[in-house]
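> Output the structure for:
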Amino acid sequence: MTGHVPPSEEDLEEDDGENGLTRRRRSSGSDSQCQVDSGRSLPRSFDWRDQDKVTSVKNQGSCGSCWTFASMGAMESAILIKNNQKASSNNIDLSEQLLVNCGKQQAGYRGGGCQGGNSQIAFSFVQKDFTTSESVRPYQAKDETCEMNSVRSDRRSISDYCVRSKFRYSYSSRAEQLSDDTMMRALVQKGPLYIAINANPLQYRNLRSGVLNEPGCSTQTNHAVLLVGYDGSDNSWIIKNSWGPYWGDRGYFKMARGSNMCGVNTEIAWPIL
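Okay, here's the model as predicted:
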């Protein structure tokens with residue numbers, strides 16, 4: 001299953017802050033928090049797993065909730081990085097189900113979380129409201145009733161978030177086409193990133209090894225994943241999927257860098273704790 005749904009013109013709202021649809025959105029990177037330092041040198045290869053800052057691979061099942069897994073994966077890593085903790089020794093496991101149940105409803109969108117979503121819906125929900133741990137609201141791979149008041153403990157939120165995208169998430173934002181250099185710098189400087197790709201080739205290939213390089217792959221994105229690194233030896237991106245640990249290379253795969261393969265340069269997003 002996939003589930004990333006980019007915004008349409010009908011989704012755009014003025015940034016007046018007067019209702020639930022107009023939370024602060026940064027899709028142009030105009031804010032200093034969303035910029036990257038272009039003066040710092042980049043390592044030839046980089047992988048957040050080498051620093052034990054990436055949590056375990058999960059499985060979204062038959063629900064189109066990839067957007068919740070990519071966003072919570074980014075938030076889990078951000079917590080580990082900020083607190084200088086290791087994933088292997090800290091049980092940081094955030095609830096995707098709360099986002100599935102409540103994220104789109106709280107933002108005023110129709111349909112349930114299993115019908116897809118995007119980074120802005122996820123991060124704006126966690127900023128304005130909260131998420132919780134997997135133990136409090138376990139994943140069910142289906143839409144359920146939104147019951148936020150019943151979550152009385154272990155509430156976690158973010159102070160803000162960044163979305164840089166070729167799509168506008170508000171009328172005041174500016175679309176941008178992301179370069180590999182910008183994505184690499186954001187990854188190294190900010191942490192693992194929510195990104196969007198076209199996952200059609202992944203659905204008939206189990207990428208246990210090698211690099212996905214299909215020049216004919218559409219750049220129309222339909223799946224959210226977590227960018228955790230890049231490899232200079234084969235010019236690839238290293239990506240964490242949400243189709244379980246038995247898919248691909250223990251839940252990960254590599255995608256060719258340098259040609260916007262499958263729309264990988266469409267969008268990056270990350271939370272600010």
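> How about residue 88: what's its closest non-neighbour residue?
Spatially, and ignoring its direct neighbours in sequence, residue 88 is nearest to residue 52 (5.4 Å; C-beta to C-beta, 6 or more residues apart in numbering). Placement of C-beta: from N, CA and C, glycine included.
> Residue 79 now?
residue 92 (5.6 Å).
> ok, now residue 260?
Per C-beta to C-beta, 6+ apart, closest to residue 260 is residue 219, 6.0 Å.
> that older thread, for the residue nearest to residue 88, give me its contacts.
80, 86, 87, 88 (C-beta atoms under 8 Å, 6 or more residues apart in numbering).
> what about the strands in the stretch 1-150 of the chain?
In the stretch 1-150 of the chain, the segments counted as strands under DSSP state E, counting those that start in this stretch are 46-47.
> could you pull out the helices for it?
Ranges of helices in the stretch 1-150 of the chain, per DSSP state H, counting those that start in this stretch, are 66-82, 97-107, 119-128.
> Regarding residue 184, which helix or strand does it belong to?
Using DSSP states H and E, residue 184 maps to helix 180-190.
> Next, the angle helix 66-82 makes with that helix.
Interaxial angle, helix 180-190 versus helix 66-82 (axes from the mean of the first three to the mean of the last three C-alpha atoms, to 10 degrees): 50 degrees.
> Residue 201 is in contact with residue 222, correct?
No - between residue 222 and residue 201 there is no contact under C-beta atoms under 8 Å: 11.5 Å.
> backbone phi and psi for residue 197, please?
phi -140, psi 170 (degrees, to the nearest 10).
> Tell me which residue is most central in the chain.
residue 194 (2.4 Å; C-alpha atoms, centre = their mean).
> Mind putting the contacts of residue 52 into JSON lines with pLDDT, distance to residue 166 and neighbour count?
Listed next are these as JSON lines, based on pLDDT from 0 to 100; distance: C-beta to C-beta, whole Å; neighbours: other C-beta atoms under 10 Å:
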{"residue": "80", "pLDDT": "97", "distance to residue 166": "29", "neighbour count": "22"}
{"residue": "86", "pLDDT": "97", "distance to residue 166": "35", "neighbour count": "12"}
{"residue": "87", "pLDDT": "97", "distance to residue 166": "31", "neighbour count": "20"}
{"residue": "88", "pLDDT": "94", "distance to residue 166": "36", "neighbour count": "8"}
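> If anything else comes up later, I'll come back, but that's it for now.
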